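Visitor: Here's my sequence, what's the structure:
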Amino acid sequence: MKRLSLLLCILLLILVFIPLTAQSPIHDDFKNAVWIYDGKNLPTVDSLFYTDDPAPVFRKKFSIKSKIKSARLYITAAGYYSASINGKELDKNYLDPAWTDFGKRIYYAEYDIRNLITKGENCIGVSLGNGFYNPLPLKFWGNLNLRNSLTTGRPVFIASLKIVFHNGKTWEINSDTSWKYNYGPIIRNNVYLGETYDASRELLNWNKHNFNDISWKSAVISPGPGGKLQKTFFPFIQQINEIVPVEITQLKNNTYLMDMGVNFTGTFKIRLQGQKGDTLHFRFGELKHPNGELNPMTAVAGQIKSKGKGGEGAPDLAAQGGTYIFGDNTDVWYSPSFSFRVYRYMEIAGLHYKPKNEDIKGIALSSNVINNNSFSCSSDLVNSIQDATRRTFLSNLMSVQSDCPGREKFGYGGDLYATNEAFITNFDMKSFYRKTLYDWIDATNDSMFIDGAPYVGLHYCGLNFEAAILELQDKLLSYYGDTSIVRELYEFDLKWMEKAARIHPNGVVDKGIGDHESIINVPVQLIGTAAYLNSAKIMVRLSELMRDSVNQVRFKELEQKIKDQMLSMYWGANSFHLINQQSREASMLYINLLPEKEKIIATEKLNNMTEFFNKQTFYATLLYFDIVPEKDKQATIDSLLRAIDDAPGRHFTTGIFGTKYILEALSKNGYSDKVFEIVNSTAFPGWGYMIDKGATTLWEHWAGSDDVYSNNHPMFGSVSAWFYRYPGGIKPMNDFPGFKRFSIAPHIPDGLSFVNCSYSSPFGEINSNWKKMPDGSMIFEIKIPKETISTITLPVSEFSTIRLLNKSSNITTILSSTKFDLPEGSYQIFVN
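Guide: Numbering: from 1, shown residues only. Coordinates of the predicted model:
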C-alpha cells in the first residue's frame, strides 16, 4: 500500500509540473514564474477573428508589512501589455514588448517600482493586447496572411516582482494561477485597424487593492510562445512629441476633421463628451481629398480596398480607425492602448459638438533613439527636407525599422540597406540596430533570401534586401566601433556568404527587384550584383578584424570576381544592349502583375520604347563601387551628368538604391555642388518638390500619391546622410572605427551661406560649423572630442590666409596647408 501511495504521489507531482516543463525557455529573472493567460481558445474560422473579443485584464493583490529596500518588476508578454501598481501606470513606455519572432526571442522590461508600493495592501494590474502575436487574418494584397508566417497565439504574459526588505529578507510575487482575470472595455484591438473601446464595460478601480474580485476567474498557465527571454537593451517606444491640431473643420452633421499640421506615427488623447450609448467612430489618414474630406487610402492595410480582398470577415476597406462607446461617464479623456497609426488628419463621426483644439492631443511615438545630432543651414528648403526626413525616420521606428507605419509596418531589408547611414547620422542607432540584426538572425534560413524581419512570409526581393545584415554590421563598426557584434555574428556571416554563393554561383544576382521606385526601370542584375559586391567587400573588412587571413584572401578574390563580372557585363561593346534587355525583362515582370486593362496599356507603352533602363542609376552604381577603370572614370561622370540633364527637371530619377549611390558618386568625384543644386530645388522629381506640395514626411514615390503609395516612407532619406557627410563634412575613417580618428571636410555649395552640424560620437560631441562672411572670408567652428584626432580638409584656395584659434588656450596659429590634423578641443578657423 505504501508503495502504491508513493507511486501515486510521484504521478501527482508529474501532473502538477507538466505545465512548467512545457513552458518556454525561462530566464533567471523569471525562474519561479510561469506564462499565464485567460485560457480562451483562438477562433477556428477566420471570420470570427473580426468579432468582439474583449482584452483580458489580470490582477494580483499582495500585502507589505515591512519597510522595503528595493522592489523590481520584471515583465513581458507575447502581444502587448500595460502594467500598473495600485492604479498607476508604469513608466512611459508604449506598445511593449518590442515586435520579434515570439517563437524565438522575447524582450522583457525591468521596472523600479519601490516608490509605487505602499505599506499594507497593494495590487498589480496587467492588461493584454494582441499586437503582432495575435494579428487579424487580413490578406495583404489579397493573399498574404500574417498568421501563416508569424508565431501567433492568444496573448500571454509572464511577470516576477522581487522585493528586498530592509531586514534582509526577500520575497517574490510571480505570475501563476493565483492571479485573477476578467475582461475589460477594450473589445477589439488590432495594430492596423485600431481599437474599439466600450466604456460601459469599464471595471472601476480594477487595478487597486480594494476592488472586489470575487467573481473573477483564476489565471490559466500557458506553455508560452516558445522564445528565449532576453532583457531589453534598446530604447523603448515612448512619446517623443505632443501635437495639437492647427485646424478643426466640420464636414457634415456630427463629423469633424482635425488637421494636426504634420504627418506622424503614434496615437492620440482626446476629451470627449456624450451620453451613455453614444458611439464615436475615428478614422485617420495622411491626406485629405480636394473637397476637404478625409483620404485614408495611402495607409490602408495591405492595399485591402475592395470587398472580399482581405479574406473572410475582413472589412472592404482596411483603413486605420477606432470606436469609442460612452458608458456612465459623460465627460472623459480617452487614448487607445494597443494600436498605432500614421496620420495628419483625424476624423471623428458621431460627435454632437465641435471639439476644442486643447481637447485633442496627437501623441507622436517612436523608439526613443533621439540624441543631440543635428544639421541646419541657411536654406529654408533644405531645413524643411531635413525636418521631414527626421520625422519620417522616427515615424518608422516602432521597435522595427519599417517601410511605412500604416500600410505594412514591415521591416524590409531594402529600406534598411539604403538608409541605415542616414538614420545613424541623425540618431543613436547602436542598440536599435543590434536588435534589428537579431531580428534578421531569427528570420533567415539557408535556402532563400527573405525580404524583411521579423519574417512575414515575403521572399521575392532577393539578395539586395537581405544584404542589409552585413551592411548594418559594417556601419555599426564604422560609426560606433562595435566589434562585439561582428565577433558574435561572424560565423553566421560566413554561412550567409556560403548561401549567397550557392544561390548565385556565377557571382551575378539574377533574382529579386532592382532599384525600387526608380522612375525608369533598373534590372536586379545591376543592383543585386552590386549588393553582392558590397557584401564581399564588407567581409574582407570583417575577416581582417577577426584575423581570419584565409577568408580574407577568399573574399578579396570574390570581390574581384564580382567586380570583373560587372565590368564585363556593363562596360563593353554590348553593355547597353544587355542592360536594356535586362531592364525590359524587369519591366515585363512588373507589368504582368497589373490588372488586365492596365497590363495592355503598359505593354503597348513599353513596346514603343527603345531604351528601358535608368542611366542615372547605371552610371552612379558603377562609380559608387569603383567598377569602371580609372582611365574611364571621367567619361562615366560626364555620362552621368548628361543623364541628369536629360531627365525631368534635370533631377534624379533614381530609386531606393540608386539615390544613395548617386548622392555619393557625384559628391566624392567633385560634384557636390550639382547635388546641392538638385536637392535645393522644388522642381519634379525631388525632395523639394515633396515639400513644395505640402509634404511633412517623405513620400514612397517621387510623384506622390493620393491612393496607392505611402506618404511616410524613409527610403529616399539617404539625402540626410549626405547633409552630414558633405555640407557638414563629418565622416568616420574605416581604419579607426568609432571615430577614434575621423575626417571633417565640409563641401561649401554656392547656394549656402552657413551650416551647423553636430554628431554625437562614442567619444563625445563633434561640431562642424561654417559661415561665409560679407567680405568673402569664412569662419569654421570645430569641436573635437577627448581622446580623438580629426583630419581637417578646408575647401579653400591654397593661397588663402588660414588662422587657427585654439579656444581653450586662446592661442592663434597661422597654418600653411588646407589639410591638417587637430587633437581634442574647440577651434575657430578664419580664412581670408
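Visitor: Pull up the pairing partners for the longest strand belonging to the chain, direction included.
Guide: Assignment by DSSP state E gives strand 255-273 as the longest strand of the chain. Sheet pairing for strand 255-273, assigned by DSSP bridges, gives strand 247-252 (antiparallel), strand 331-334 (antiparallel), strand 341-349 (antiparallel), strand 360-367 (antiparallel).
Visitor: Tell me which of the ones you listed is the most buried.
Guide: strand 341-349 (a mean of 24; mean count of other CB atoms under 10 Å). All C-beta spots, glycine's among them, are computed from the backbone N, C-alpha and C.
Visitor: coming back round to it: alpha carbons only: can I get the following helix or strand past the longest strand of the chain in CSV?
Guide: Per DSSP states H and E, the first helix or strand lying C-terminal to strand 255-273 is strand 279-285. Taking Å, rounded to 0.1, in the frame of the first residue of the first chain, the C-alpha atoms of strand 279-285 are listed here in CSV:
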residue,chain,number,x,y,z
THR,A,279,-20.9,55.8,-30.4
LEU,A,280,-18.0,57.8,-31.9
HIS,A,281,-16.0,56.5,-34.9
PHE,A,282,-12.5,57.6,-35.6
ARG,A,283,-10.7,57.4,-39.0
PHE,A,284,-7.2,58.5,-39.9
GLY,A,285,-5.3,59.5,-43.0
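Visitor: Which other helices and strands does the following helix or strand past strand 279-285 contact?
Guide: Counting by DSSP H and E, the next helix or strand C-terminal to strand 279-285 is strand 287-288. Applying 3 or more CB pairs under 8 Å, 6 or more residues apart in numbering; DSSP states H and E, we find strand 287-288 packed against strand 294-295, strand 341-349.
Visitor: of these, which approaches residue 646 most closely?
Guide: Among these, the nearest to residue 646 by CB to CB is strand 294-295 (34.4 Å).
Visitor: my read is residue 709 is in a strand, agree?
Guide: No. When the secondary structure is assigned by DSSP: H, G, I helix; E, B strand; the rest coil, residue 709 falls in coil instead of a strand.
Visitor: now it: how far from residue 286?
Guide: Distance of residue 709 to residue 286, given as CB to CB, to the nearest Å: 10 Å.
Visitor: between those two, which one's more packed in?
Guide: The residue with more neighbours, out of residue 709 and residue 286, is residue 286; 30 against 18, by other CB atoms under 10 Å.
Visitor: any idea what sits nearest that one, other than its immediate chain neighbours?
Guide: residue 711 (4.1 Å; CB to CB, 6 or more residues apart in numbering).
Visitor: I'd say that neighbour and residue 697 touch.
Guide: Yes. Using CB atoms under 8 Å, residue 711 is in contact with residue 697, at 6.2 Å.
Visitor: Return every residue with contacts to both of those two.
Guide: Residues touching both residue 711 and residue 697 (CB atoms under 8 Å, 6 or more residues apart in numbering) are 263, 286.
Visitor: in the stretch 601-750 of the chain, which ranges drop under the pLDDT threshold?
Guide: Counting by pLDDT under 70, the stretch 601-750 of the chain contains low-confidence ranges at 601-612.
Visitor: any chance you could map the strands in it?
Guide: Using DSSP state E, counting those that start in this stretch, the strands of the stretch 601-750 of the chain run over 730-732, 741-744.
Visitor: For my notes, please list those strands in CSV and give mean neighbour count and distance to residue 280 for each entry.
Guide: Listed next are those as CSV, based on neighbours: other CB atoms under 10 Å; distance: least, CB to CB, whole Å:
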stretch, mean neighbour count, distance to residue 280
strand 730-732, 23, 49
strand 741-744, 20, 54
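Visitor: In JSON lines: the ones you listed, plus distance to residue 514.
Guide: Output for these, formatted as JSON lines (distance: least, CB to CB, whole Å):
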{"stretch": "strand 730-732", "distance to residue 514": "28"}
{"stretch": "strand 741-744", "distance to residue 514": "32"}
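Visitor: out of those, which comes closest to residue 761?
Guide: With CB to CB, the closest approach to residue 761 among the strands of the stretch 601-750 of the chain belongs to strand 741-744: 7.3 Å.
Visitor: tell me which strands and helices that closest one is in contact with?
Guide: Here strand 741-744 touches strand 730-732, strand 764-772, strand 778-793, going by 3+ CB pairs under 8 Å, 6+ apart.
Visitor: Out of the strands paired with strand 255-273, the one nearest residue 827 is which?
Guide: Checking the strands paired with strand 255-273 against residue 827 by CB to CB gives strand 360-367 as the closest, at 34.6 Å.
Visitor: Mind listing residues that contact the closest one?
Guide: Identification of contacts with strand 360-367 by CB under 8 Å, 6+ apart yields 94-95, 98, 234-245, 248, 258, 260, 264-271, 335, 340, 343, 346, 394-395, 397-399, 432.
Visitor: now it: mean pLDDT?
Guide: Strand 360-367 shows a mean pLDDT of 98.
Visitor: Quick check: which helices or strands does the following helix or strand past that strand pack against?
Guide: Elements were assigned by DSSP H and E; along the chain past strand 360-367, the next helix or strand is strand 374-377. When contacts are defined as 3+ CB pairs under 8 Å, 6+ apart, strand 374-377 packs onto helix 380-395, helix 718-725, strand 754-761.
Visitor: switch to 10 Å and redo it
Guide: Using 3 or more CB pairs under 10 Å, 6 or more residues apart in numbering; DSSP states H and E, the elements in contact with strand 374-377 are helix 380-395, helix 413-426, helix 718-725, strand 754-761, strand 764-772.
Visitor: okay if I get the ones you listed as JSON lines plus distance to residue 574?
Guide: Formatted as JSON lines, the helices and strands packed on strand 374-377 follow (distance: least, CB to CB, whole Å):
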{"stretch": "helix 380-395", "distance to residue 574": "40"}
{"stretch": "helix 413-426", "distance to residue 574": "29"}
{"stretch": "helix 718-725", "distance to residue 574": "31"}
{"stretch": "strand 754-761", "distance to residue 574": "45"}
{"stretch": "strand 764-772", "distance to residue 574": "46"}
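Visitor: Deepest-packed of the ones you listed, please.
Guide: Stretch with highest mean neighbour count among the helices and strands packed on strand 374-377: helix 413-426 (a mean of 26; mean count of other CB under 10 Å).
Visitor: If I take it and strand 754-761, what angle do their directions form?
Guide: 100 degrees (axes from the mean of the first three to the mean of the last three CA atoms, to 10 degrees).
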